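Asks: here is a sequence with its predicted model. Questions after.
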Amino acid sequence: MQFHTIEDFKDKLQNQKVFVRVDTNTTLENGEMPLTSRIEQALQTINKLTGYGAAVVVGAHNGRSGETSFVSLGPLFSMLQKQNPSVPKMICPGNTYDSEYEGLNNAARDTIKNLQSGEILVLENLRFLKNETAKMSIDDFAQQKFVLDLLDSGVSHYVLDGFSVAHRAHMSIVGFSKVPNMAGLAVEKELKGAAKIKELLAQNQTGDGRVTFIFGGAKIQDYFQLMESALENKSVSKILPGGLFSSICLIINGYDLGQPSRVPLEKKDSKGKSTLDYQETLQKLMEKHPDVFVMPEDVAYLIDGKRVEYAIDEIPQEAREKGAVLDIGEKTILKYKQVLQESNMAYWKGPIGAFDINPLFAKGSQEVLQLLKENKQIFSVMGGGDTGQMLSKFDTLPSELSYVSLSGGALIQILAGNDLPGIAALEKSYKAS
Ligand SMILES: Nc1ncnc2c1ncn2[C@@H]1O[C@H](COP(=O)(O)OP(=O)(O)OP(=O)(O)O)[C@@H](O)[C@H]1O
Ligand SMILES: O=C(O)[C@H](O)COP(=O)(O)O
């Protein structure tokens, strides 16, 4: 994998205008944008660029059209500004786009033209643009008004910093083929982390290691590509289900958890698919690899504001009707911990229980996290956009684990052996230089 880094261009960036695509995408907390590790990471790359004398235009997105997180980036700008009081001038001219949302408006164009070394302009949410997420070839993206407007305003270099969005072939990720592309600090760091994880997955294939995946949270669709490839090439030994993934595994094994537990499984995502839609695919994988999937033995229900645990074959009808499964139970926690003690690597994505709905359901995640913090023989990896917030809720520093990735889907895809469009664009630019 060969691409340019910012260091390669450090002597050429003085007074140059650089467009940097960061990924600060986050779930809002009570309607507000929290200060996240992704924002702190993006700031490091921005500071490096201004440190080399560049004028920096920052592009980011938040949410997807139709979601509550699909908001203006004014709050991001305020946070960057607050975190970076030494910046001589940081500008956020409100909406930076034209009335058709195809390119920049006059104010934004003029601001970029006049942007001086060390100054920073933060663009509005890139996904407000009509063609940011359109299905288009790389060459067509390079002709879009937004890209041309930036180049006409003097942007001479492009930096991809948002590794966590590099799996999307979007305009701001792959559309800047006309100028030199560089990897930002987040891309460099995450690729190193991914390479270490891949090394450990390869050791599992040869029987020299023992890799465990812990898959929790609500977005189970993210797991399939990696599960399929890792099960096929034997790079995973055990899969510990948590979150909605554990509920669907139990349903596949014939357990009736009750209607309230099925409600989140029936909820459709932005592609119109629910967790239950993956039942058949998952069932096939579980039947083919029964020794890999470790089944929960007990579950924790939320009933009348309390945490009540039941063995999976002893769930009373009343609990099924009145409550919902929000965590794994004590026996399962012990079982999972035993599996982890025998592992040399654990890759964990998504909380095991719904700790954010009710702190009583933090137990599964908290105990697994504690073990990973204590047992330094296990190379412990956590990934996901909201992982940073989960860790801070559990008073854990990223340094207490072996590697904390800021990426969810992008890391999964790279571990599944897929090329990421954003990284491919960096490589193409390197070859062309
Ligand atoms: N047993 C459960 N039942 C219902 N919801 C659950 C359960 N366990 C976890 N959750 C919910 O899963 C959500 C987090 O899942 P998600 O897939 O978004 O995780 P993530 O790793 O933060 O993902 P990403 O970083 O890709 O956004 C939380 O809102 C939590 O309440
Ligand atoms: O948060 C993320 O995982 C990235 O920003 C990608 O977001 P997306 O899944 O909405 O494309």
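Replies: Now that the structure is in, tell me what you want to look at. Ligands and ions are numbered 1, 2, ... in the order given.

Asks: when you work out contacts or count neighbours from here on, use the C-alpha atoms and nothing else.
Replies: OK.

Asks: so which bits of stretch 199-217 are buried?
Replies: Judged by neighbour count (16 or more other C-alpha atoms under 10 Å), stretch 199-217 contains these buried residues: 200-205, 209-217.

Asks: over to stretch 295-306?
Replies: Using 16+ other C-alpha under 10 Å as the test for burial, stretch 295-306 gives Met295, Pro296, Glu297, Asp298, Val299, Ala300, Tyr301, Leu302, Ile303.

Asks: related to what we said a few turns ago, ok, the buried residues of stretch 199-217 vs Ser72, which is closest?
Replies: Checking the buried residues of stretch 199-217 against Ser72 with C-alpha to C-alpha, the nearest one is Gly217 at 26.3 Å.

Asks: just the pLDDT for the closest one.
Replies: At Gly217, the model reports a pLDDT of 91.

Asks: again, but for Pro88
Replies: pLDDT at Pro88 comes out at 63.

Asks: so where is the protein shaky, pLDDT-wise?
Replies: Residue ranges of the chain with pLDDT under 70: 87-88, 93.

Asks: nearest to ligand 2, of the buried residues of stretch 199-217?
Replies: Gly217 (13.4 Å; C-alpha to the nearest ligand atom).

Asks: okay, the buried residues of stretch 295-306 in a markdown table with distance to ligand 2 and secondary structure next?
Replies: Formatted as a markdown table, the buried residues of stretch 295-306 follow (distance: C-alpha to the nearest ligand atom, whole Å; DSSP: H, G, I helix; E, B strand; the rest coil):
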| residue | distance to ligand 2 | secondary structure |
| --- | --- | --- |
| Met295 | 28 | coil |
| Pro296 | 28 | coil |
| Glu297 | 31 | coil |
| Asp298 | 31 | strand |
| Val299 | 29 | strand |
| Ala300 | 29 | strand |
| Tyr301 | 29 | strand |
| Leu302 | 29 | strand |
| Ile303 | 32 | strand |
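
Asks: reformat those residues as JSON lines; add distance to ligand 1.
Replies: Output for the buried residues of stretch 295-306, formatted as JSON lines (distance: C-alpha to the nearest ligand atom, whole Å):
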{"residue": "Met295", "distance to ligand 1": "14"}
{"residue": "Pro296", "distance to ligand 1": "12"}
{"residue": "Glu297", "distance to ligand 1": "14"}
{"residue": "Asp298", "distance to ligand 1": "12"}
{"residue": "Val299", "distance to ligand 1": "9"}
{"residue": "Ala300", "distance to ligand 1": "9"}
{"residue": "Tyr301", "distance to ligand 1": "9"}
{"residue": "Leu302", "distance to ligand 1": "10"}
{"residue": "Ile303", "distance to ligand 1": "14"}
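
Asks: what sits against the residue nearest to Gly53 when sequence neighbours are not counted?
Replies: Once flanking residues are discounted, Gly53 sits nearest to Gln14: 4.1 Å by C-alpha to C-alpha, 6 or more residues apart in numbering. By C-alpha atoms under 8 Å, 6 or more residues apart in numbering, the contact set of Gln14 is Tyr52, Gly53, Ala54, Ser117.

Asks: same question for His170.
Replies: His170 sits next to Glu132, Thr133, Ala134, Lys135 when contact means C-alpha under 8 Å, 6+ apart.

Asks: picking that back up, among the buried residues of stretch 199-217, which lie within helices?
Replies: Among these, DSSP state H puts Leu200, Leu201, Ala202, Gln203, Asn204, Gln205 in helices.

Asks: show me which residues of the chain sit near ligand 1.
Replies: Applying C-alpha under 6 Å from any ligand atom, we find that the chain lies next to ligand 1 at 217-219, 243-244, 325-327, 349-354, 356-357, 384-387, 408.

Asks: just the buried members of the residues you listed?
Replies: The neighbour-count test (16+ other C-alpha under 10 Å) marks 217-219, 243-244, 325-327, 349-354, 384-387, 408 as buried among the residues of the chain next to ligand 1.

Asks: report the entries of those that also contact ligand 2.
Replies: Near ligand 2, by the rule C-alpha under 6 Å from any ligand atom, you find Gly385, Gly408 out of those.

Asks: what's the neighbour count on Leu371?
Replies: Look at Leu371: counted by other C-alpha atoms under 10 Å, it has 15 neighbours.

Asks: would you agree it falls within a helix?
Replies: Yes - assessed with DSSP: H, G, I helix; E, B strand; the rest coil, Leu371 lies in a helix.

Asks: residues in contact with it?
Replies: Lys337.

Asks: where's it relative to ligand 1, distance?
Replies: Using C-alpha to the nearest ligand atom, to the nearest Å, Leu371 is found at 19 Å from ligand 1.

Asks: measure that residue to Lys238 for me?
Replies: 17 Å (C-alpha to C-alpha, to the nearest Å).

Asks: return the nearest residue of the stretch 101-250 of the chain with respect to ligand 2.
Replies: The stretch 101-250 of the chain approaches ligand 2 most closely through Val165 (4.5 Å), counting by C-alpha to the nearest ligand atom.

Asks: which residue ranges of the stretch 301-433 of the chain form helices?
Replies: 317-322, 330-341, 363-374, 387-393, 409-415, 421-432 (DSSP state H, counting those that start in this stretch).

Asks: so which of the ones you listed comes closest to Ala60?
Replies: helix 421-432 (14.3 Å).

Asks: off-centre distance for that closest one?
Replies: 21 Å (C-alpha atoms, centre = their mean, to the nearest Å).

Asks: that helix: which residues count as buried?
Replies: Pro421, Gly422, Ile423, Ala424, Ala425, Leu426, Glu427, Lys428, Ser429, Tyr430.

Asks: Phe379 contacts Asn344, doesn't it?
Replies: Yes - between Phe379 and Asn344 there is a contact at 6.0 Å, judged by C-alpha atoms under 8 Å.

Asks: so what secondary structure elements neighbour the helix or strand containing Glu40?
Replies: According to DSSP states H and E, Glu40 maps onto helix 37-51. In terms of contacts (3 or more C-alpha pairs under 8 Å, 6 or more residues apart in numbering; DSSP states H and E), helix 37-51 is packed against strand 55-59, helix 185-205.
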